[in-house]
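Asker: Fold the following.
(one chain, ligands or ions: 2)
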Amino acid sequence: MKTKTSILEPLSAVDNLNLYTQMVRMRRIEERAEQLFRENRTVGRVYTGRGQEAISVGAAYALNPDDGLAPLYREMGAHLVRGVTPREIFCQYMGRKNSATQGRDSGLHIGDPHRHLVSMISSLTASLPVAVGMGLSYQIRGQQRVAMTFLGDGATSTGSAHEGLNFAATRKIPVVFVCSNNQWSLSTPSHQQHGLARLAGRGTGYGMASVQVDGNDVRAVYYAAAEAVVRARHGKGPTFIEAVTMRMAGHSVTDPAVYIPKTMTQQWQEKDPLHCFQTQLCAEGLLTAEKIEQIELEIREEIDDAVRFAEESPLMPTDELTTGVFAEFHGSTNAKN
Ligand SMILES: Cc1ncc(C[n+]2csc(CCOP(=O)(O)OP(=O)(O)O)c2C)c(N)n1
Ligand SMILES: [Mg+2]
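Answerer: Numbering: from 1, shown residues only. Ligands and ions are numbered 1, 2, ... in the order given. Just a heads-up that it's a prediction; the model follows:
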């Protein structure tokens, strides 16, 4: 993977194809994961980022491999860009011993310190102070590195989000907050969550650079993120990016989302980020029908291989489930005041 410099370079033809391929990979992996869930072959529920592929792929693509990354449950694209493989993903979904959590957890709870990837934290926005802490450590050590984290629109109302944003802005921490405004927080619509016309105002309120972008346009997300990363790398502090999109599925695969008006889904279907980008790239001569088919075929084979690999991998033996979970206690239990 190439290391991006401080100068904002336009995306090359290769970059465009990389972005497209990762978006297709994310969509197809999630479709297969949902199918496996319905066949009772996964452990735990499956949460997808359907319709939000442009956000996680586009934003993460602006980072260098040694930048910190703390994604959430809809950010499979960020994991893929960081080099997490379909085999790793399906081992995790299927609770195998060789997965990131060794079969103790499911979903996108995939972290790897060697890849500077922090596993998502289920308590929403607990990732924000963690990412801010990563940024603070880069700042203290004088490293030109950046941390990026993600949050949903609903999550912007939590206490740790406000604390993280405020601390980052006050200390000019090199961190990028990517807010996927998919207009729903479970079954609660945006207008019942906050009183802002633009969620980007969350960042403005704390005095940091804030921008609203079309979250269904991968290149718009990439350029906003790349600008934010350059700003952070050069000591100019954090950025809050509001990427406007729509959650095109239930909250998780068990949620039929009957509360979302059909007209809203239909309207956003026309803005499908994958379909729109494919049309643009074809019009620009960067993609052809043959290339589309080839990408789909390669990804299908990759996924078939990953599912087979996961199924052939051992489950965690139940007598090993607590290994490494508890530290041995060497102190005294007679606490003195
Ligand atoms: C602190 C906390 N409160 C509540 C939950 C339960 N919960 C999980 S996802 C979710 C909805 C979050 O909505 P949003 O932040 O908009 O993200 P989205 O799911 O739309 O991507 C809720 C309420 C949680 N995980 N953590
Ligand atoms: Mg939301």
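Asker: check contacts around the spatially most central residue of the chain.
Answerer: Centrality entry for the chain: nearest residue to the mean C-alpha point is residue 75, 2.3 Å, by CA atoms, centre = their mean. Shown in contact with residue 75 (CB atoms under 8 Å, 6 or more residues apart in numbering): 49, 55, 56, 60, 108, 120, 150. To be clear about C-beta, it is placed using only N, CA and C from the backbone, and glycine gets the same treatment.
Asker: Around the fourth one, how many other residues sit close by?
Answerer: When you say that, I think you mean residue 60. Using other CB atoms under 10 Å, residue 60 has 26 other residues around it.
Asker: Look up how far ligand 1 lies from it.
Answerer: Distance of residue 60 to ligand 1, computed by CB to the nearest ligand atom, to the nearest Å: 16 Å.
Asker: from the contacts of residue 75, which is closest to ligand 1?
Answerer: Minimum distance to ligand 1 across the contacts of residue 75 is 7.8 Å, recorded for residue 49 (CB to the nearest ligand atom).
Asker: re the thing from before, just checking, which of the contacts of residue 75 belong to strands?
Answerer: Using DSSP state E, residue 150 are the members of the contacts of residue 75 that sit in strands.
Asker: Quick check: helices, which of the contacts of residue 75 are part of them?
Answerer: Taking DSSP state H, the ones among these that sit in helices are 55, 56, 60.
Asker: Could you double-check that the last one lies in contact with residue 84?
Answerer: No. Here residue 60 does not reach residue 84: they are 10.7 Å apart, not a contact under CB atoms under 8 Å.
Asker: can I get the ones in helices among the contacts of residue 75 in CSV with distance to residue 99 and pLDDT?
Answerer: CSV is the format used below for the ones in helices among the contacts of residue 75 (distance: CB to CB, whole Å; pLDDT from 0 to 100):
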residue, distance to residue 99, pLDDT
55, 25, 98
56, 20, 98
60, 21, 98
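Asker: and which of the residues you listed is nearest to residue 204?
Answerer: residue 55 (20.0 Å; CB to CB).
Asker: so what's the residue of the stretch 51-200 of the chain at minimum distance from ligand 1 up against?
Answerer: Using CB to the nearest ligand atom, the single residue of the stretch 51-200 of the chain nearest to ligand 1 is residue 152, 2.2 Å away. For residue 152, the contact set (CB under 8 Å, 6+ apart) comprises 72, 74, 124, 179, 180, 181, 182, 185.
Asker: Correct me if wrong: the fifth one contacts residue 51.
Answerer: No. With contact defined as CB under 8 Å, residue 180 and residue 51 do not form a contacting pair (10.0 Å).
Asker: Looking at these two, which is more packed in?
Answerer: Each of residue 180 and residue 51 has its neighbours counted (other CB under 10 Å); residue 180 has more, 28 against 24.
Asker: For that one, which non-adjacent residue is spatially closest?
Answerer: residue 55 (5.1 Å; CB to CB, 6 or more residues apart in numbering).
Asker: Spit out the contact partners of that neighbour.
Answerer: 49, 75, 77, 150, 178, 180, 215, 221, 243, 245.
Asker: what would these look like in CSV with secondary structure and pLDDT?
Answerer: Output for the contacts of residue 55, formatted as CSV (DSSP: H, G, I helix; E, B strand; the rest coil; pLDDT from 0 to 100):
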residue, secondary structure, pLDDT
49, coil, 97
75, coil, 97
77, helix, 98
150, strand, 98
178, strand, 98
180, strand, 98
215, coil, 98
221, helix, 98
243, strand, 98
245, coil, 98
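Asker: Tell me the one among those residues nearest to residue 254.
Answerer: Closest to residue 254, out of all of the contacts of residue 55 and judged by CB to CB, is residue 49, at 16.2 Å.
Asker: In space, what's closest to the closest one - neighbours in sequence excluded?
Answerer: residue 74 (3.4 Å).
Asker: Quick check: that neighbour touching residue 56?
Answerer: Yes. With contact defined as CB under 8 Å, residue 74 counts as touching residue 56 (7.0 Å).
Asker: of those two, who's got more company?
Answerer: Ranked by neighbour count (other CB under 10 Å), residue 74 and residue 56 place residue 56 first, with 30 against 27.
Asker: Pretty sure the more buried one sits against residue 50.
Answerer: No. If you go by CB under 8 Å, residue 56 and residue 50 don't touch, sitting 11.7 Å apart.
Asker: Tell me how many other residues crowd residue 144.
Answerer: 15.
Asker: hang on, it is in a strand, isn't it?
Answerer: No. Counting by DSSP: H, G, I helix; E, B strand; the rest coil, residue 144 is not found in a strand; it is coil.
Asker: which stretches of the stretch 201-337 of the chain form strands?
Answerer: For the stretch 201-337 of the chain, the strands defined by DSSP state E, counting those that start in this stretch cover 209-214, 239-244.
Asker: can you list residues touching both of residue 180 and residue 51?
Answerer: residue 245.
Asker: mind checking pLDDT for residue 326?
Answerer: In this prediction, residue 326 carries a pLDDT score of 85.
Asker: Low-confidence ranges, the stretch 1-150 of the chain, go.
Answerer: Scanning the stretch 1-150 of the chain for pLDDT under 70 picks out 1-7.
Asker: The same query, at a cut-off of 80, please.
Answerer: 1-8 (pLDDT under 80).
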